[in-house]
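In: got a predicted structure here, sequence first:
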Amino acid sequence: MPYQIIHFREAERILKEKNLERDLEFTLCYLDDILYGAGHKRELLKLCMEEMDWLNKDDMKILEGRRYSYRGFKRGVAVESALGMYEFIQTALLRLQIGFDKKLIDMGIILVNADRSDKSPLGTTKELVEKEIKMLHPTISLPVSVALFNLGNPDEYMEALLKKDGPVPEENTIPTIPAIPNKPVGDLKILHMNHNQPDKRRKSNNVIPRSNQSRKAEKESISAAI
């Protein structure tokens, strides 16, 4: 399997009783596919919970009158997430424990990113989860299953894609424009001569003045016509 799941305090038995084993398996496989190498895990997690019918908003509230809610819920089983940082697992356990003490849920499932440095003195993520679950008892006492995912690094994932598909051109690269071929312009002397020639369509500015007699005759003819 691409993921690893650890059960604590008879959580596996509860999943069998609720007939959620296969449902959970399909959901975790789907999550492993869409989250690997992804940067926006929260949006993709919500999409998966909705498509796999784990997003029942009426039963997901942790405290009445507040907006705190679980990532997913189905048949008394709540889902929480610590995919961003491992330290969020303690917050997830506390949220699940509140619902368990209030008898809102029967058990919980936590999704954890298992990627850790090989030089970590705390060991693998699986070893760390097992130690902390024991250390937090009896404060955290609910049945819980922890799913460990190897989601990879988004930067390394993109580098692998670039090596596979070839280099991608940079955004600021200026495309090369082909040169326009030279065309003969013609005889520059003829163009210069045509430019200096006067426009024949232009009207002459010489105005011929009219005599006073012609003006008087024009007025009399207009008055007679009126």
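Out: Looks like it arrived, so ask away.
In: now the helix or strand hosting Glu127: mean pLDDT?
Out: Under the criterion DSSP states H and E, the helix or strand holding Glu127 is helix 125-135. The average of the pLDDT scores along helix 125-135 is 94.
In: how about stretch 94-102?
Out: In the prediction, stretch 94-102 has an average pLDDT of 96.
In: C-alpha coordinates for it, PDB please?
Out: The C-alpha coordinates for stretch 94-102 follow below in PDB (Å, rounded to 0.1, in the frame of the first residue of the first chain):
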ATOM      1  CA  LEU A  94      -7.300  17.100  21.300                       C
ATOM      2  CA  ARG A  95     -10.100  18.000  18.900                       C
ATOM      3  CA  LEU A  96     -11.000  14.300  18.500                       C
ATOM      4  CA  GLN A  97     -10.800  13.700  22.300                       C
ATOM      5  CA  ILE A  98     -13.300  16.500  22.900                       C
ATOM      6  CA  GLY A  99     -15.800  14.900  20.500                       C
ATOM      7  CA  PHE A 100     -15.300  11.500  22.100                       C
ATOM      8  CA  ASP A 101     -15.800  12.800  25.600                       C
ATOM      9  CA  LYS A 102     -19.000  14.600  24.500                       C
END
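In: and the contacts of it?
Out: Here stretch 94-102 makes contact (C-beta atoms under 8 Å, 6 or more residues apart in numbering) with 62-63, 68, 70, 78, 80, 105-108, 110, 139-142, 144. C-betas here are computed from N, CA, C, even on glycine.
In: low-confidence ranges in this structure?
Out: Residue ranges of the chain with pLDDT under 70: 1, 117-118, 153-226.
In: before we move on, the earlier item: parallel or antiparallel, which strands does the helix or strand just after the helix holding Glu127 pair with?
Out: Later in the chain than helix 125-135, the nearest helix or strand by DSSP H and E is strand 144-149. Strand 144-149 pairs in its sheet with strand 3-8 (antiparallel), strand 107-113 (parallel), by DSSP bridges.
In: quick check: angle from the first one to helix 125-135?
Out: Yep, that's strand 3-8 we're talking about. Here strand 3-8 runs at an angle of 20 degrees relative to helix 125-135 (axes from the mean of the first three to the mean of the last three C-alpha atoms, to 10 degrees).
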